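**Student:** Please work out how this folds:
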Amino acid sequence: MVIYIDVIIGLAVGLVTGWLANAIKRPATPTRRWITELLSLAMGVLGAISATQFVTYGPQFLGCSVVPAAVGGIVLTLVVLAAGKSWLKL
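**Tutor:** Presented below is the predicted three-dimensional model:
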C-alpha cells in the first residue's frame, strides 16, 4: 500500500513540475512537450519512491512519509528537466 501512495504523490509532483517547466520555457514542438511531460512523470515517481526508501521523516499518510516523497519527486524531476531543457533542447 505504501508504494501506491508514493506513486500517486510522485505522479502529482511530476505532473505539476513538468507543467511548470513547460510554462517557463516553452518547447518548440508538441512532441518535445509530450517528452518533457512523460519524463517529468517518470522522474517524479522514481524520486518519490527512492526518497521514501532512504528517509522516513515527517507526517505519514497510510504508512508513507509525505515530505520525503514530495521533496524527492521535486528534486529528481527538476534535475532531469533542467538537464533535458539545456542539453537536449526539450
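
**Student:** can you tell me how far the residue lying closest to residue 61 once chain neighbours are set aside sits from residue 34?
**Tutor:** Closest residue to residue 61 apart from its sequence neighbours, by CB to CB, 6 or more residues apart in numbering: residue 5 at 6.3 Å. All C-beta spots, glycine's among them, are computed from the backbone N, C-alpha and C. Distance, residue 5 to residue 34, using CB to CB, to the nearest Å: 27 Å.

**Student:** neighbour count winner among the two?
**Tutor:** residue 5 (19 against 12; other CB atoms under 10 Å).

**Student:** Can you read off the pLDDT for residue 61?
**Tutor:** Per-residue pLDDT puts residue 61 at 84.

**Student:** my guess is the residue nearest to residue 61 meets residue 68, correct?
**Tutor:** No - at 12.0 Å, residue 5 and residue 68 do not qualify as touching, with contact defined as CB atoms under 8 Å.

**Student:** correct me, but residue 7 touches residue 47?
**Tutor:** No - under the criterion of CB under 8 Å, residue 7 is not in contact with residue 47, lying 11.4 Å apart.

**Student:** List phi and psi for residue 61.
**Tutor:** Torsion angles at residue 61 (phi, psi; degrees, to the nearest 10) stand at phi -130, psi 110.

**Student:** I figured residue 11 was touching residue 43, is that so?
**Tutor:** No - between residue 11 and residue 43 there is no contact under CB under 8 Å: 10.9 Å.

**Student:** Have a look at those two and say which one is more surrounded.
**Tutor:** residue 43 (26 against 17).

**Student:** Doesn't that one belong to a helix?
**Tutor:** Yes - under DSSP: H, G, I helix; E, B strand; the rest coil, residue 43 falls within a helix.

**Student:** show me what contacts it?
**Tutor:** By CB atoms under 8 Å, 6 or more residues apart in numbering, the contact set of residue 43 is 14, 73, 76, 77, 80, 81.

**Student:** For those residues, which entry has the maximal number of neighbours?
**Tutor:** residue 73 (32 neighbours).
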